[in-house]
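Colleague: Next input, structure requested:
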Amino acid sequence: QRNKGEDGWQYSVLFFCSIYFQRGFLLIILLPTNLRSSFFMHILEIPSFFPPYGGEFCLEQSKALQQLGHEVRILSRVQLGITKGWKDYLFLPYTMGVETMDGVEVWRDFQRGIPKVVRPNVDRWLKGVLKLSEEYFRQYGCPDVIHAHCVKWAGRAAMLIAQHHRIPYVITEHLPSMIYEEEFRRASLGQWEIPLLREALEKADRVVVVSEELVDELAPYFGKRYSHQVVSNMIDTRFFHYAKRQPSDTFRFCAIGNFIPRKGYDILAGAFRRLKSQGVNASLTLVGPDTDSASCRCLYANIPDVRFVGTTDKVGVRDILYSVDALVLPTRSESQGLVLLEAMSTGIPVITTDVVPQSVRQHDGCVTVPTEDAVSLSHAMVRLISEHFSSEHISSAISESYSPHIIGNQLQQLFFSLLERQVKQ
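Modeller: Here you go, the predicted structure:
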């Protein structure tokens, strides 16, 4: 390859090494880091869950890697639960289909879960993913890297596929410890699930965690006998860009997240009730699934200036953020807290708890209080009203750390390093 340098034309010798015999080509390898970006990988993303049940972070990472020039597709098999939504259970497609989501090709398949029958559902899901992968490989060939999102159960599927085809695989763990705790609390599940998941982590070429604290939190279940590194989730900083707020005499708080115990809506209710009893001129908007439910309205009964929005889409979340002055998330367990980063990206401060990773807490505009402490939360909300934050500085700091380009590059360099290591071995 000929390159134009300051001293004229220079020639670089490219070394070729064979990795995958079934791919039928030679992989460019042993290149200086600054040349790696000239070469593109085939990456297969496998999410543990996907719309209609979340998992948008898989799509966002796929888009970022695709924008760097890589060939990226998603292999999604979603287990539908009739108790989660009978319409989806009955009417979503019964055969595999291929569609394009935000420019990314997605192979989509749905499995109808059998209520209360966990292990057969898991076995069916894994077999279904393996069958889909074989169909995918026949059409596109084997990928250079498999990237699974969450060890349960995409990580396990990636391990089984990788062992058969000798492909490196990476697991990104997004889920907080409280979700696994709720799952493994039923001893019969933990007894057979944990060994399978631990094996997938230990055999992975790399485990990506979204925060360093997550390794210690998950250690009681999965140990630490795996190679890991921290790569944050990304946020769409172009979409959640800075916007100047319209002034208001009322200080406007919002809370965004599912109405579930882990998010601490009960603590927020106590804090806001206390704040309003002191005559503070503030309002609170609750956004997310079931925040408009009868249970949520009952929790906030007789508290003035509370608005219940319920489920909304990405545009709706951004519109809410642009209409408020601060976000509150009194969470009990959080692997990272993307809504905090999205809020700060738009230029508003946030109040959360000390369970949120230090990488998030270190940013200007992030105020933390102890968990389970409505009084401290109320005091922090009152103090925040009178404090001044540089909104543009808050926004730019988030963009410099969590943009798709930044995180996409980190993932790209990780995948390149794994391919190089495999050749040297």
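
Colleague: residue ranges with poor pLDDT in this protein?
Modeller: Residue ranges of the chain with pLDDT under 70: 1-38, 186-189, 425.

Colleague: and the longest helix for it?
Modeller: Longest helix in the chain, counting residues (DSSP state H): helix 118-140.

Colleague: from the chain's centre, how far out does it sit?
Modeller: On the basis of Cα atoms, centre = their mean, to the nearest Å, helix 118-140 sits 23 Å off its chain's mean C-alpha point.

Colleague: Going by contacts, tell me the helices and strands next to it.
Modeller: strand 42-47, strand 71-80, strand 104-112, helix 156-165, helix 187-203 (3 or more Cβ pairs under 8 Å, 6 or more residues apart in numbering; DSSP states H and E). Backbone N, C-alpha and C define where each C-beta goes, glycine included.

Colleague: residues near the residue lying closest to Pro51 once chain neighbours are set aside, how many?
Modeller: Closest residue in space to Pro51, ignoring its immediate chain neighbours: Val78 at 7.8 Å, by Cβ to Cβ, 6 or more residues apart in numbering. By other Cβ atoms under 10 Å, 21 other residues sit near Val78.

Colleague: distance of Val78 from Gln278?
Modeller: According to Cβ to Cβ, to the nearest Å, Val78 stands 47 Å off from Gln278.

Colleague: repeat for Thr368
Modeller: Using Cβ to Cβ, Thr368 is found at 22 Å from Gln278.

Colleague: out of the two, which sits in the busier spot?
Modeller: Set side by side, Thr368 and Gln278 show more neighbours around Thr368, with 17 against 9, by other Cβ under 10 Å.

Colleague: wait, Gly81 sits on Phe110?
Modeller: No. Applying Cβ atoms under 8 Å, one finds Gly81 not in contact with Phe110, separated by 11.1 Å.

Colleague: Between the two, tell me which one has more neighbours.
Modeller: Shown here are Gly81 and Phe110; by other Cβ under 10 Å, Phe110 has more neighbours (21 against 16).

Colleague: surely the more buried one meets Gly85?
Modeller: No. Taking contacts as Cβ under 8 Å, Phe110 lies outside contact range of Gly85: 11.9 Å.

Colleague: hmm, back to that, out of the helices and strands packed on helix 118-140, which one sits most buried?
Modeller: Ranked by mean neighbour count, these are led by strand 42-47 with a mean of 24 (mean count of other Cβ atoms under 10 Å).

Colleague: who does the following helix or strand past it touch, helix- and strand-wise?
Modeller: Counting by DSSP states H and E, the next helix or strand C-terminal to strand 42-47 is helix 56-67. Helix 56-67 is packed against strand 42-47, strand 71-80, strand 104-112, strand 145-149, helix 404-424, with contacts defined by 3+ Cβ pairs under 8 Å, 6+ apart.

Colleague: What angle do strand 104-112 and helix 56-67 make with each other?
Modeller: Put simply, helix 56-67 runs at 150 degrees to strand 104-112, going by axes from the mean of the first three to the mean of the last three Cα atoms, to 10 degrees.

Colleague: Report how many residues lie close to the nearest residue to Thr346 once chain neighbours are set aside.
Modeller: Spatial nearest neighbour of Thr346, excluding adjacent residues (Cβ to Cβ, 6+ apart): Leu321 at 4.7 Å. By the criterion of other Cβ under 10 Å, Leu321 has 23 neighbours.

Colleague: Wait, Leu321 touches Cys254, no?
Modeller: Yes. The pair Leu321 and Cys254 passes the contact test of Cβ under 8 Å, sitting 7.1 Å apart.

Colleague: Now the common contact residues for these two.
Modeller: Common contacts of Leu321 and Cys254, defined by Cβ atoms under 8 Å, 6 or more residues apart in numbering, comprise Leu327.

Colleague: Could you tell me which residues make contact with the residue most central in space within the chain?
Modeller: The residue lying closest to the centre of the chain (Cα atoms, centre = their mean) is Phe57, at 4.2 Å. Contact partners of Phe57, counting by Cβ under 8 Å, 6+ apart, are His149, His174, Asn233, Met234, Leu338.

Colleague: Ranking by neighbours, what's the top pick from these?
Modeller: The most crowded member of the contacts of Phe57, judged by other Cβ under 10 Å, is His149 (26 neighbours).

Colleague: how close does that one get to Val208?
Modeller: For His149, the distance to Val208 (Cβ to Cβ) stands at 10 Å.

Colleague: cool, Val360 as well?
Modeller: Separation of Val360 from Val208 (Cβ to Cβ): 17 Å.

Colleague: Ok, Thr346 next?
Modeller: Per Cβ to Cβ, Thr346 is found 26 Å from Val208.

Colleague: Also Phe57?
Modeller: On the measure of Cβ to Cβ, Phe57 and Val208 end up 12 Å apart.

Colleague: Likewise for Leu132?
Modeller: From Leu132 over to Val208 the distance is 23 Å, taken as Cβ to Cβ.

Colleague: Leu419 too?
Modeller: Counting by Cβ to Cβ, the gap from Leu419 to Val208 is 16 Å.

Colleague: Ok, Leu268 next?
Modeller: Counting by Cβ to Cβ, the gap from Leu268 to Val208 is 31 Å.

Colleague: again, but for Phe239
Modeller: From Phe239 across to Val208, the span is 23 Å (Cβ to Cβ).

Colleague: Could you check which of these two has the larger neighbour count?
Modeller: Counted by other Cβ under 10 Å, Phe239 and Val208 do not tie: Val208 has more neighbours, with 22 against 15.

Colleague: Could you give the bridge partners of that one?
Modeller: Val208 has these beta-bridge partners by DSSP bridges: Thr172, Gln229.

Colleague: Now the residue nearest to Glu60 when sequence neighbours are not counted: phi and psi?
Modeller: With sequence-adjacent residues excluded and distances taken as Cβ to Cβ, 6+ apart, Glu60 is closest to Met234, at 5.8 Å. The phi/psi pair for Met234 (degrees, to the nearest 10) reads phi -100, psi 160.

Colleague: Quick check: Met234 touching Tyr402?
Modeller: Yes. If you go by Cβ under 8 Å, Met234 and Tyr402 touch, sitting 5.6 Å apart.

Colleague: Helix, strand, or coil at Asn233?
Modeller: coil (DSSP: H, G, I helix; E, B strand; the rest coil).

Colleague: name the element Trp255 belongs to?
Modeller: Quick fix: residue 255 reads Ala, not Trp. In the assignment (DSSP H and E), Ala255 maps to strand 251-256.

Colleague: I'm done for today, thanks for sticking with me.
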